[in-house]
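> Following is a predicted model, sequence given first.
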Amino acid sequence: MENIEIAGVLEELGDLLEINGSNPFRIRAYRNAVRTVLGLTRSLSAMVEAEEDLTELPAIGKDMSAHIVELLETGELARLAEVAAEVPRSLVQLVKLDGVGPKKTKKLWESLGVTTVDELEKALKDGRVESLEGFGATSVEKILTSIEDFRRYSGRFLISQVDELIGPLLAHMREGPGVERIEVAGSYRRRKETIGDVDLLVQAELPAPAVMEHFTAFGSVDRVVAAGDTRGAVVLRSGLEVDLRVIPGRSFGAALHYFTGSKEHNVAVRQIAQRQGLRVNEWGVFRMPEGVDPDEVGKEEGERVAGGTEESVFDVLDLAWVPPVLRENRGEVEAARDDSLPDLVTLEDIQGDLHMHSTWSDGKASVEEMAQACRARGYRYMAMSDHSPALAMVGGITPERAADQWEEIARVQEGLDGITIFKSLEVDILRDGSLDMTDEVLEALDLVVVSVHSLMDMDRVSMTDRVITAIQHPQVDILAHPTGRLLARREPFQIEMEEVLQAARDLNVAVEINASPHRLDLNDVHAHRAKELGVRVCISTDAHSVQRLDHMSYGVDQARRAWLNKGDVLNTMTLKQMQVWLDRRKGTSA
DNA sequence: GCCGTTTTCGGCCCGACTGTTTTCAGTCG
């Protein structure tokens, strides 16, 4: 059983316990355990196999550990069956609807016998819900809308989609009356791969009803969800929800920190504050007078000690300012305290792009157009890495055509100075781990990228063997999009990434962070693990057009979320260093 | 259910908005 499936079972059990009215802290314990499991780079199955003590993992205690072992051994969980005997499992779907939580779910089920979204829809339409205590005509309408949305946009938005969608909104808000400053917080500011909704912060003197009016009047607003004094929410026609908070200047930094999250990061920061007798909320940092119970006083009670800027919030807690990409409570708070935060790689550090396509396979631009575009981006080198012939549908390059392409590359190179074009191919990894190209051609290439494009439903052991066999080929330099995932479309294939990364380290092969916003593969957890193991990470766009070369920034964001610094990233090397690296095996085998 | 500079029991982050139960519970982030 895969980690993601184990996390799914624990999450479902947590949801059911919540509907059943269990201790809220027990529910939180399940949520925390799910988070830990999803963040692992190794499969729990392998860890249990190696007789490792799972309770060493954060948020995994005696019970969780036993649950995991039981799931691995039997594929089932007796505790889940027990709870499911009391609470129908389908109810977890209801809790996921906007405006419906565990309490209302329980009420709907106990009073009306509703157990599924379809049954709920029926009950909403025939008036049975409206007559229930705690519900009314308005909530019926709201829930019906959530059901519609749930069916229409059952997903999150890619960060690149959000970039496109909110540009016009930001421009609109900048023209708003009394708007002094505007920032996007939340997972967007943390540069996560996908975004659930957008958190917009506007600095203005309160009260500021004109700001809220201006916000809800934006042209692309489909409907207004909420519109209070300081908080509003709208859904755009694209289905993207945008939350707006209006914040006075004295609190803007505290609010920016609070709404940037993550939730887990905020909890960790609050705990530190608590130990220092300070209270942190979105309005500022406050020192509480002796003997005053924070629960008994107002939100801005006590002596304000910080809040205008984000820096001031960290500073008063004796923490270094933490880049938003690191705020996931994965050690950044401790690092901020010890002043040991990483010096993260930046887009300016990138010296070249080592994975792209041209019209020789399925790209839209010629070799020359791609080369010109790379030079215009200030790169010193690039790899022209079209597909190998296994991808017949995209016109992969056969051994016979390879020489023709090299001629063209040589011709383009002659007319270009300041950038070096590496002869390359993105070679398919075949079923048995062999490469879809003759050794002769592979040896003639400057740089070899390999990747999996077929038979993605192999079992984990076979897929892991397949990929490791492939990178053992002495000509391989980079393993591209190592898990094959397509965000919001295709799950990663099953592979034991820990073993692959260790093999890459031993073989001195780099692994890719594919910068396409549809892939961002490796993910942050795996890329961080690569760094820990000393595996070189390469950030590449896999661009199929000139414009998509600009996706590099998404890849850099992903690398930053993985704590990578310049030295961890292959394509921050100078041309000279890169040429030495590409020759690395000649030195060792001689 | 987890965890320990608050340490094996007792605590676990905090506030806004909405609708409806006219004083607050539920939901959300």
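Done, it's in.

> From now on I want contacts and neighbour counts done on CA atoms only, so please keep to that.
OK.

> for the stretch 51-200 of chain A, what spans make up the strands?
Applying DSSP state E, counting those that start in this stretch to the stretch 51-200 of chain A gives strands spanning A:157-158, A:181-184, A:194-195, A:197-203.

> so which of those is the most packed in?
Stretch with highest mean neighbour count among the strands of the stretch 51-200 of chain A: strand A:197-203 (a mean of 23; mean count of other CA atoms under 10 Å).

> re the thing from before, just put the strands of the stretch 51-200 of chain A in CSV and tack on distance to A:M212.
Formatted as CSV, those follow (distance: least, CA to CA, whole Å):
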stretch, distance to A:M212
strand A:157-158, 24
strand A:181-184, 13
strand A:194-195, 23
strand A:197-203, 10
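
> what does stretch A:324-332 rub up against?
Stretch A:324-332 is contacted by residues A:189-192, A:260-265, A:268, A:322, A:341, A:557, A:560-563 when judged by CA atoms under 8 Å, 6 or more residues apart in numbering.

> Drop anything exposed from these.
Buried members of the contacts of stretch A:324-332, scored by 16 or more other CA atoms under 10 Å, are A:189-192, A:260-262, A:265, A:268, A:322, A:341, A:557, A:560-563.

> Closest to DNA strand B out of the residues you listed?
Distance to DNA strand B across the buried ones among the contacts of stretch A:324-332 (CA to the nearest atom of the strand) is lowest for A:A268, with 7.6 Å.

> low pLDDT regions in the stretch 251-400 of chain A?
A:289-300, A:392-393 (pLDDT under 70).

> Now do the helices in it.
Remark: helices assigned in the stretch 251-400 of chain A by DSSP state H, counting those that start in this stretch are A:252-260, A:263-275, A:310-316, A:332-337, A:367-376, A:399-414.

> what's the closest of those to DNA strand B?
When these are compared by CA to the nearest atom of the strand, helix A:263-275 sits nearest DNA strand B, at 4.7 Å.

> can you tell me if that closest one touches DNA strand B.
Yes: contact between helix A:263-275 and DNA strand B, assessed by CA under 7 Å from any atom of the strand, occurs at A:263, A:266-267, A:270-271, A:274-275.

> Highest neighbour count among those?
Compared across those, A:N266 has the highest neighbour count, 21 neighbours, by other CA atoms under 10 Å.

> what sits against that one?
Residues near A:N266 by CA under 8 Å, 6+ apart: A:Y258.

> Off-centre distance for stretch A:197-209?
Distance of stretch A:197-209 from the chain centroid (CA atoms, centre = their mean, to the nearest Å) equals 26 Å.

> measure that stretch end to end?
For stretch A:197-209, the first-to-last residue distance is 23 Å (CA to CA, to the nearest Å).

> now, the most widely separated pair of the buried ones among the contacts of stretch A:324-332?
Largest separation among the buried ones among the contacts of stretch A:324-332 by CA to CA: A:A268 and A:D557, giving 23.0 Å.

> Relative to A:L244, how far out is A:V221?
According to CA to CA, A:V221 and A:L244 sit 13 Å apart.

> Counting neighbours, go ahead and name the busier of the two.
Comparing A:V221 with A:L244 by other CA under 10 Å, the one with more neighbours is A:L244, at 24 against 20.

> quick one: what helix or strand has the residue of the stretch 201-350 of chain A found nearest DNA strand B in it?
Closest residue of the stretch 201-350 of chain A to DNA strand B, CA to the nearest atom of the strand: A:A226 (3.1 Å). Using DSSP states H and E, A:A226 sits in strand A:221-227.

> So what's the gap between that strand and the chain middle?
In this view, strand A:221-227 has its centroid 27 Å away from the chain centroid, taken as CA atoms, centre = their mean.

> And stretch A:233-251, by the same measure?
Worked out by CA atoms, centre = their mean, stretch A:233-251 lies 21 Å from the chain centre.

> That stretch near DNA strand B anywhere?
No: interface with DNA strand B: stretch A:233-251 contributes nothing (CA under 7 Å from any atom of the strand), its closest point being 7.6 Å away.

> what sits up against that stretch?
The contact list for stretch A:233-251, computed with CA under 8 Å, 6+ apart, reads A:149, A:153, A:157, A:165, A:196-206, A:208, A:211, A:215-216, A:220-227, A:229-232, A:255, A:282-284, A:307-309.
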